[in-house]
Every structure is written in structure tokens, then in C-alpha cells.
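# quick one, structure for this:
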Amino acid sequence: MSTIHQLIHFPCVTASRSRSTPQITSRLAIVPTLSARKIQVPARVRSAFVVRVSDYEDEWGQEKVPPVDGGAVAVAEADEETKEAAEITSLKKALVDSFYGTNRGLSATSETRAEIVELITQLEAKNPTPAPTEALTLLNGKWVLAYTSFVGLFPLLSRGTLPLVKVEEISQTIDSENFTVENSVQFSGPLATTSFSTNAKFEVRSPKRVQIKFEEGVIGTPQLIDSIELPENVEFLGQKIDLTPFKGLITSVQDTASSVVKSISSQPPLKFSLASSNAESWLLTTYLDGDLRISRGDGGSIFVLIKEGNPLLLS
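Coordinates of the predicted model:
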């Protein structure tokens, strides 16, 4: 409206009333000249006609995508990583809990095995180390077997169900600098512990697979443990049996056994060669982090191992 107001009050020349037609014509001729003048529109009026182009439109009038906030993206990625880590921790805890009462897999029921396989599959899908053989520092160290489906180990595990014999630990120690692997089994009896182990070399064949060649077996010498402590009595079929008369006999047997163990313990371990065409195997690592390792071997067998000293071993 301010523009219209300025135009209404713009000075102009009107034609005088005269009977002379030429004079009217000449005065009217001035009007186009005046109308052709450059109109000086005040600045405040001109600003009303300024059209602001959107910051998100290009020269063709097309809308552009607003710039992405890098900080927001970083926060979103951090939140996603935290969520992923929490899910992995939860899965690992559930997996280790499912091993309870299975005697490293020997006594697992079909339902428990199915549950374990499902948890393993979920963990493998979230593997934080997709190329384990390229992360040898993570592979390095001693790993304790927590579960296996490898039937070749079941006869060994069943030894632990015999009286006075217990399989204390099955472990694998990897030396990534020298490319060696030591598989070890520790047994314990009433008076001593002993071990059996195999030494092997490994070669990297793919980002997940290693080829293992066994070279020798080692039978460790027995190590004397604490003496047997007999209780005063035991309860058997609802009756208490006094063991006092047997203490002298047990002590005599124990002393004899101890002297034998001591003499054997002074001897070096017994080593024997395993060099043969059958002394080779391969191992595929499908999950690896600083706590847990999952491997698959020949015939689809599964091995779940936990790093020595990790709290998961106490679960």
C-alpha cells in the first residue's frame, strides 16, 4: 500500500482546457516523457520486493538435502556400538551358563546341545574379529576348554567319572610368535597330578583357518599333592561307619605311594614322536575376542574356550 500511496502523489502534468487542438496535442505529448522518468523508489519500499531464496534450494529451484550433523552421527554410532557390546556380553554369559552340568559337553542332553548351538550361532553372527588369523595377539595365550561336541574327546572326559581320577583341565596354549600350539590335559588322583600334552606347529591358510601339524606327545611326570585326609566316620546306607581302625592302613599305603611318586617326579617328562600322515588337522575360528574363542574343526565339531584367568571360567 505504501507503493500505491507514492504513485498516487507522484507529480504529473494535466492538459489545460483549450479550444486549440494542436496545443492540447503538444501538451499531451509531454505525458509519455514524464512517465518514462526513472521512478526513485525509497529503500524501505524496495525491501518489500526482495525475494529470499531458500538456503536448501539450488539455482534450479530444487530442494537440497540439509547438511548432516557429524556430531549426531557419531553419537548414534557410539550408541549402536554400546548396544552391540551389551548384546554380546549377554550372549556370552548365557552360553557359559548353559554349560553347567554338561561336563564340558560329555553329559549334555540333546535339548541343551541345541540351545548351545543356537547361542553359538548368534555369537558368530556378531563376531568382532572377522579375520582371527590377522589378530594373532588375541589368539596368543592359554585357552581353557569349556565345551566341545567333538566325540573324540569323550573317552578322555569319561575318565573323569572313574573313582579317584579327575580331569582337572583341558587347555590349548598358542604361541603366535613361534606358530606353535600345545594341547594339554591335566589329571588328578588321590596323591598326585599328571598331564598329557601334544605339541604342534600351525600355518595360516585363510583369515579364519589354520592348518595344524602335530609333532610330538609329552607325558608329564606325576606331581605330589596333599596327603589324603580321612574323616573320623562316614555315613553309608543310613549307618555311620567308624574309620579309625583303617587310618593306620591308609597311612601305610599313602607313605608307600608317596615315596613312589617322589621317585617318579624326579624323572624328566616322557616324549614320543607323532610324525605321521594322520597327525594333521585344521581349525576354523568363528568367534574371537579377549574373553572367548569359538572354533570349528573336522566333521563340524565345536570347541568353546575361555581365556585363562577370565571371570567367565568361574561362572
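
# which other helices and strands does the helix or strand containing A85 contact?
With elements taken from DSSP states H and E, the one containing A85 is helix 70-98. In terms of contact count using 3 or more C-beta pairs under 8 Å, 6 or more residues apart in numbering; DSSP states H and E, helix 70-98 is assigned the packing partners helix 110-125. Just so you know, the C-beta spots here come from the backbone N, C-alpha and C atoms, and that holds for glycine as well.

# using CSV, write out every CA atom in the helix it packs on.
Provided in CSV are the C-alpha atoms of helix 110-125 (Å, rounded to 0.1, in the frame of the first residue of the first chain):
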residue,chain,number,x,y,z
SER,A,110,20.1,-83.1,23.0
GLU,A,111,18.0,-80.1,24.2
THR,A,112,21.0,-78.5,25.8
ARG,A,113,23.1,-79.1,22.8
ALA,A,114,20.5,-77.4,20.6
GLU,A,115,20.4,-74.4,22.9
ILE,A,116,24.2,-74.2,22.9
VAL,A,117,24.3,-74.3,19.1
GLU,A,118,21.8,-71.5,18.8
LEU,A,119,23.7,-69.3,21.2
ILE,A,120,27.0,-70.0,19.3
THR,A,121,25.3,-69.2,16.0
GLN,A,122,24.1,-65.8,17.4
LEU,A,123,27.6,-65.0,18.7
GLU,A,124,29.3,-66.0,15.4
ALA,A,125,27.0,-63.5,13.7
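
# that one - what's its average pLDDT?
When the per-residue pLDDT values of helix 110-125 are averaged, the result is 96.

# which stretches in the stretch 101-250 of the chain count as helices?
For the stretch 101-250 of the chain, the helices defined by DSSP state H, counting those that start in this stretch occupy 110-125, 136-139, 154-158, 247-265.

# relative orientation of the first one and helix 70-98 in degrees?
What it means is helix 110-125. Taking axes from the mean of the first three to the mean of the last three C-alpha atoms, to 10 degrees, one finds helix 110-125 and helix 70-98 inclined to each other by 160 degrees.

# list the buried residues for helix 110-125?
Burial within helix 110-125, assessed by neighbour count using 16 or more other C-beta atoms under 10 Å, is assigned to 112-113, 116, 119-120, 123.

# contacts for that helix, please.
Helix 110-125 is contacted by residues 88, 91-92, 94-95, 98-99, 102, 105, 108, 147, 149, 286-287, 292, 294, 302, 304 when judged by C-beta atoms under 8 Å, 6 or more residues apart in numbering.

# quick one: buried ones out of the residues you listed?
When neighbours are counted using 16+ other C-beta under 10 Å, the contacts of helix 110-125 contain these buried positions: 88, 91-92, 95, 98-99, 102, 105, 108, 147, 149, 286-287, 292, 294, 302, 304.

# identify the residue nearest G220 in space, chain neighbours excluded?
If you skip the residues right next to it in sequence, G220 has S195 as its closest partner in space, 3.8 Å away by C-beta to C-beta, 6 or more residues apart in numbering.

# so what's the one you found up against?
If a contact means C-beta under 8 Å, 6+ apart, then S195 has 184-187, 218-220 as its contacts.
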